[in-house]
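[1] what's the 3D shape of this:
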Amino acid sequence: MIQNEQPQDVGPVSDRHRFDEQSLARYLEKHLDGYRGPLSVRQFAGGQSNPTFCLGEGGRQLVLRKKPPGQLLPSAHAVDREFRVIRALGEVGYPVPRAHLLCEDPGVIGTIFYVMDLVPGRIFRDAMLPGLEPAERGAIYDAMNAALAQLHTIDPFAIGLADFGKPGNYFERQTARWIKQYEASKTEEVESFDRLVEWLPRSIPPGDETRIAHGDFRLENMVIHPTEPRVVAVLDWELSTLGHPLADLGYNVMGYFGSVGPSAMHGGADLKALGIPTCEEYVAAYCRRTGRGRIDHLEFYVVFAMFRLAAIMQGITMRAKLGNASSANAEGIGNLARSMADTAWQLAQRAS
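    Modelled structure (predicted):
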């Protein structure tokens, strides 16, 4: 399919994620404004680490996000953080679903959860936007660019998110974190990984900024208006924190630099004919919107994004080898780590 309209990829609740739907209905009847019932619950398919459900009640559709069952790391699957950032951004007019309520009582359905609106629209899985006219492709990319720039012009301290993460030294802290993560999940020696471990800490650009960093800002994580090239909701705030805005930009443009990973472009594609902006045009539009003269060291931000993603893939490989990966295709995903690291190291060499 060229595009999907929400609700999409929904089906029966899996056995692993079943909960007491009657208990949920009783809770919503007391705490959700306008609740009329009866309640229906379906589960979204996909690889979300936080199980996500489509709720139907009283002629409207909502989304419930909850922690997964079982023993979890203390800071993992923090749906309360997702709710907090969505609520704060919505109050200043940023395109996010309306956040209705957060339930911190695990006695209701077994874990804490939050409920937000289901925003109707289109979700595009392919960054090349097949089937659309060139003008609409360009307009959708420009809308994504505008949404990223808008996020990075919001002062987190002014909207109650001063303690949403550690301000300052973002790349120093994150580089150390992901190097440690990679070292802990090694399954084999990969030369490009080891080269990046040496290159990244000594290549961090000067200067520092603190904004809300989404952490996974890409076309697939936003809802486009059903008929207009306009972003109506940015989704999946699980990785969001206080961070350097150019980490988001590097991740967002990563697809221009390699054929592995989310948002990857097809190699050799004629972007002008497709209506998709070049990387230079896209970055220039971001600079105009954020008041930047230019962005030095863009390659570093892209290499950092690639290394971070490769380290995540390496962790999936390790879990697959240990037999406790959560995704059925974990080993296949993990095998992409080497290719991503190779691409990142090639870019790092050009940037040096």
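[2] Report the contact partners of the nearest residue to Tyr256 once chain neighbours are set aside.
    Residue nearest to Tyr256 in three dimensions, not counting chain neighbours: Cys279, with 4.0 Å by CB to CB, 6 or more residues apart in numbering. Heads up, the C-betas are built off the backbone N, CA and C, glycines and all. Contact analysis of Cys279 by CB atoms under 8 Å, 6 or more residues apart in numbering lists 253, 256-257.
[3] and which of these is nearest Trp345?
    Checking the contacts of Cys279 against Trp345 with CB to CB, the nearest one is Phe257 at 12.1 Å.
[4] Give me the pLDDT value at the closest one.
    On pLDDT, Phe257 comes in at 92.
[5] now Pro167
    The model reports Pro167 with a pLDDT of 90.
[6] same thing with Asp155?
    So Asp155 comes in at 97 (pLDDT).
[7] okay, and for the stretch 151-300 of the chain, where does confidence drop off?
    Along the stretch 151-300 of the chain, the parts satisfying pLDDT under 70 run over 261-262.
[8] measure stretch 157-175 end to end?
    From the first residue to the last, stretch 157-175 extends over 24 Å; the measure is CA to CA, to the nearest Å.
[9] Equivalent analysis for stretch 232-240, please.
    End-to-end distance of stretch 232-240: 19 Å, with CA to CA as the criterion.
[10] which residues sit against it?
    For stretch 232-240, contacts defined as CB under 8 Å, 6+ apart pick out 48-50, 77-78, 81-82, 85-86, 94-97, 119, 121, 147, 151, 164, 212-217, 221-225.
[11] just so I have it, where are all the strands in the stretch 151-300 of the chain?
    Using DSSP state E, counting those that start in this stretch, the strands of the stretch 151-300 of the chain run over residues 211-213, 222-224, 231-234, 241-243.
[12] and the ones you listed as CSV, adding mean neighbour count and distance to Asp194?
    Formatted as CSV, these follow (neighbours: other CB atoms under 10 Å; distance: least, CB to CB, whole Å):
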stretch, mean neighbour count, distance to Asp194
strand 211-213, 24, 27
strand 222-224, 24, 35
strand 231-234, 23, 35
strand 241-243, 21, 26
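[13] For Arg137, which of those is the nearest?
    Nearest to Arg137 among these is strand 222-224 (11.4 Å), distances taken as CB to CB.
[14] and Ala337, what is it in contact with?
    190, 193, 310-311, 313-314, 316-317.
[15] Mind listing what's buried along whichever strand or helix holds it?
    Assigned by DSSP states H and E, Ala337 belongs to helix 336-351. Applying a neighbour-count criterion of 16 or more other CB atoms under 10 Å, one finds 336-345, 347-348 buried in helix 336-351.
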